[in-house]
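[1] This is a predicted model, with the sequence first.
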Amino acid sequence: MAGFAAIATAAIGVALPMSGADAATGTVTGFATRNGGTTGGAGGATVRATTGTAIHTALCGRASSSTPIIIEVSGTINHGNTTKVSGASCNTAADVIELKQISNVTIIGVGSGAIFDQLGIHIRESSNIIIQNVTVRNVKKSGSPTSNGGDAIGMESDVRNVWVDHVNLEASGGESEGYDGLFDMKANVQYVTLSYSTLRNSGRGGLIGSSESDRTNGYVTFHHNLYQNIDSRTPLLRGGIAHIYNNYYVNLNESGINSRAGASAKVDNNYFKDSKDVLGTFYTSEAGFWQVSGNIFDNVTWSSPGTDNNPAGPDPVSNTTVSIPYAYTLDAASCVPSIVSLTAGANNGLQVSNGSCSTTQPTTSAPTPTTPAPTTPPPSSGTNLSIGAGSDGSSKATGTGYGDVRDASLTTYWSPVGTTGDISIKWGTATTVSRAVIREASGSAGTIGSWQVINYGTGAVLASGTGAGTITFPATSLTKLTFRILTASATPKIAEYETYAG
């Protein structure tokens with residue numbers, strides 16, 4: 001171990017023992033608890049890494065390819081700082097985080113956050129892996145730069161026992177824009193759990209099985225995840241068994257859970273909203289199966305059955321029975337939007353559901369605490385940095401404008417199309433901000449539900465909570481500050497989005 005410590009110190013800066021708050025991972029759930037369980041790097045050395053090369057060096061510096069290790073990651077990991085590292089205990093590659101032919105590894109984001117920017121995480125011929133509290137965004141399979149076949153997280157070839165938890169997986173479009181799947185499994189991947197994560201803005205959410213003949217994958221659990229603005233594959237299942245419960249699906253544009261080629265999905269207490277064909281067998285004549293209970297379908301449309309399409313709706317009923325071999329507790333589907341908005345994603349304190357429609361912290365400390373709900377905003381002191389700045393957003397309702405949130409008038413306002421969306425204040429040069437004030441238009445008070453305040457440049461969540469008002473967070477130098485509305489009781493109306501240095 002002395003040799004390992006020396007290598008880690010040289011490449012990463014420091015090798016540490018288990019570090020309490022930053023090394024916390026909570027409790028594994030779902031199918032990842034089976035087949036001997038998933039513990040990642042528990043019991044091994046803990047090292048810090050701020051580059052992809054340092055992550056590879058930590059893997060290569062172990063005594064063996066199965067020596068447990070916890071790698072705490074902060075900052076932005078990208079093509080410029082991720083190179084191949086060689087060693088007897090690793091098999092890495094440049095321009096991708098490569099977890100190949102290894103076992104017993106935890107990668108966890110700490111500090112102000114870990115961003116894998118345009119750089120995918122590839123797990124191959126490996127087992128007992130935990131990935132937690134990180135953001136992976138804009139990974140491309142075409143255009144420039146490319147990484148990991150376009151998958152944010154991809155698993156293939158005899159992978160076992162992987163737990164991916166509290167992560168953000170994001171793209172900026174579909175295949176025509178160069179992106180592929182956010183969470184893919186193929187060629188014999190089994191015993192996987194994806195929990196408390198967000199998957200956004202992609203043509204493809206993810207798949208289990210790369211073709212109709214690739215049916216050796218399965219035993220995958222998806223729970224308490226947010227799928228938002230996804231065209232299809234949430235997920236696509238080819239063979240095998242999946243347990244899908246307490247997920248929140250918003251704006252699935254073409255299709256959702258696509259069970260085909262003999263797959264079976266147990267679909268419990270999910271909330272589907274403003275979406276199309278959220279469950280069924282699509283784009284193939286090779287049927288899949290589902291067992292459904294307790295789901296809510298809110299403004300869901302269904303296409304007509306055809307040769308290659310068999311939607312489960314408009315009144316989904318079970319056509320199989322699926323046995324689940326582990327214990328779990330279901331939140332009521334009616335509270336899934338609120339519980340998922342409070343718990344899903346990176347940098348929110350690793351909060352989880354207690355099974356009764358409220359949240360709890362893990363039994364060990366979490367890397368980043370959640371900010372309390374804002375207070376009712378009195379008149380603010382100091383200089384409102386939004387005046388004279390720019391603004392943009394994810395969408396705007398007819399008759400509203402992005403600039404209306406920075407015009408010092410409470411009579412004009414911005415609204416998204418629908419009930420959720422982003423509004424941002426942006427500056428031409430780096431600006432230090434530590435406080436924001438969200439003021440709702442007259443008659444709309446109390447509309448905003450859960451939200452996040454995000455450093456757009458890094459993807460780090462600076463604060464999260466519920467309701468409009470004053471929001472404080474650590475002073476941060478940035479060029480764009482995003483207020484993301486995750487839930488609302490009606491269309492929000494934000495009259496002013498004020499920002500302050502102190």
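    Perfect, I can see it now. Numbering: from 1, shown residues only.
[2] ok, the residue nearest to residue 259 when sequence neighbours are not counted - contacts?
    Nearest residue to residue 259 in three dimensions, chain neighbours excluded: residue 288, at 3.1 Å (Cβ to Cβ, 6 or more residues apart in numbering). For the C-beta atoms, the positions are set from N, CA and C on the backbone; glycine is no exception. For residue 288, the contacting residues are 237, 238, 258, 259, 260, 261, 262, 263, 264, 265, 281, by Cβ atoms under 8 Å, 6 or more residues apart in numbering.
[3] okay, now the second one: neighbour count?
    When you say that, I think you mean residue 238. 28 (other Cβ atoms under 10 Å).
[4] Quick check: nearest residue in space to it, chain neighbours excluded?
    Residue 238's closest residue in space is residue 209 (Cβ to Cβ, 6+ apart), at 2.9 Å.
[5] Which elements pack onto the lengthiest strand in the chain?
    The longest strand of the chain (DSSP state E) is strand 421-440. On a contact count with 3 or more Cβ pairs under 8 Å, 6 or more residues apart in numbering; DSSP states H and E, strand 421-440 meets strand 390-393, strand 469-485, strand 494-500.
[6] among those, which is nearest residue 87?
    Of all these, strand 469-485 sits nearest to residue 87, with 37.0 Å by Cβ to Cβ.
[7] and the closest one, C-alpha only, in PDB?
    Extracted in PDB, the C-alpha atoms of strand 469-485 (Å, rounded to 0.1, in the frame of the first residue of the first chain):
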ATOM      1  CA  GLY A 469     -38.600  34.500  -2.000                       C
ATOM      2  CA  THR A 470     -35.000  35.300  -1.000                       C
ATOM      3  CA  ILE A 471     -32.400  32.600  -1.700                       C
ATOM      4  CA  THR A 472     -28.900  32.700  -0.300                       C
ATOM      5  CA  PHE A 473     -25.900  30.600  -1.300                       C
ATOM      6  CA  PRO A 474     -22.100  30.800  -1.100                       C
ATOM      7  CA  ALA A 475     -20.600  33.700  -3.000                       C
ATOM      8  CA  THR A 476     -19.900  32.400  -6.500                       C
ATOM      9  CA  SER A 477     -18.200  34.000  -9.500                       C
ATOM     10  CA  LEU A 478     -20.100  33.200 -12.700                       C
ATOM     11  CA  THR A 479     -21.500  34.500 -15.900                       C
ATOM     12  CA  LYS A 480     -25.000  33.000 -15.800                       C
ATOM     13  CA  LEU A 481     -27.300  32.100 -12.900                       C
ATOM     14  CA  THR A 482     -30.200  29.800 -13.700                       C
ATOM     15  CA  PHE A 483     -33.400  29.500 -11.600                       C
ATOM     16  CA  ARG A 484     -34.900  26.100 -12.600                       C
ATOM     17  CA  ILE A 485     -38.600  25.500 -11.700                       C
END
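[8] Show me which parts of that strand are buried, residue by residue.
    469-473, 476, 478-485 (16 or more other Cβ atoms under 10 Å).
[9] mind putting these in JSON lines, distance to residue 122 and pLDDT included?
    Shown next, in JSON lines, are the buried residues of strand 469-485 (distance: Cβ to Cβ, whole Å; pLDDT from 0 to 100):
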{"residue": "469", "distance to residue 122": "43", "pLDDT": "87"}
{"residue": "470", "distance to residue 122": "43", "pLDDT": "89"}
{"residue": "471", "distance to residue 122": "37", "pLDDT": "91"}
{"residue": "472", "distance to residue 122": "39", "pLDDT": "89"}
{"residue": "473", "distance to residue 122": "33", "pLDDT": "90"}
{"residue": "476", "distance to residue 122": "31", "pLDDT": "93"}
{"residue": "478", "distance to residue 122": "30", "pLDDT": "95"}
{"residue": "479", "distance to residue 122": "31", "pLDDT": "95"}
{"residue": "480", "distance to residue 122": "30", "pLDDT": "95"}
{"residue": "481", "distance to residue 122": "33", "pLDDT": "96"}
{"residue": "482", "distance to residue 122": "29", "pLDDT": "95"}
{"residue": "483", "distance to residue 122": "34", "pLDDT": "95"}
{"residue": "484", "distance to residue 122": "29", "pLDDT": "92"}
{"residue": "485", "distance to residue 122": "34", "pLDDT": "91"}
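[10] Go through those residues and say which is closest to residue 63.
    residue 476 (39.6 Å).
[11] Who does that closest one form a beta bridge with?
    residue 433 (DSSP bridges).
[12] How far away from the center of its chain is stretch 93-108?
    Centroid displacement of stretch 93-108 relative to its chain, using Cα atoms, centre = their mean, to the nearest Å, is 19 Å.
[13] about what we covered before: between the helices and strands packed on strand 421-440, which one is closest to residue 117.
    strand 469-485 (15.2 Å).
[14] angle of that closest one against strand 421-440?
    Calculated by axes from the mean of the first three to the mean of the last three Cα atoms, to 10 degrees, strand 469-485 forms an angle of 160 degrees with strand 421-440.
[15] Now tell me which helix or strand of this protein has the poorest mean pLDDT.
    strand 15-16 (a mean of 30; mean pLDDT, DSSP states H and E).
[16] For the helix or strand following that strand, name the packing helices and strands.
    For strand 15-16, the following helix or strand on the C-terminal side (DSSP states H and E) is strand 45-49. Packing partners of strand 45-49 (3+ Cβ pairs under 8 Å, 6+ apart): helix 2-12, strand 15-16, helix 52-60, strand 69-77.
[17] pLDDT averaged over strand 45-49 - what is it?
    For strand 45-49, the mean pLDDT works out to 93.
[18] Mind putting the helices and strands packed on strand 421-440 into CSV with distance to residue 359?
    Listed next are those as CSV, based on distance: least, Cβ to Cβ, whole Å:
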stretch, distance to residue 359
strand 390-393, 28
strand 469-485, 18
strand 494-500, 25
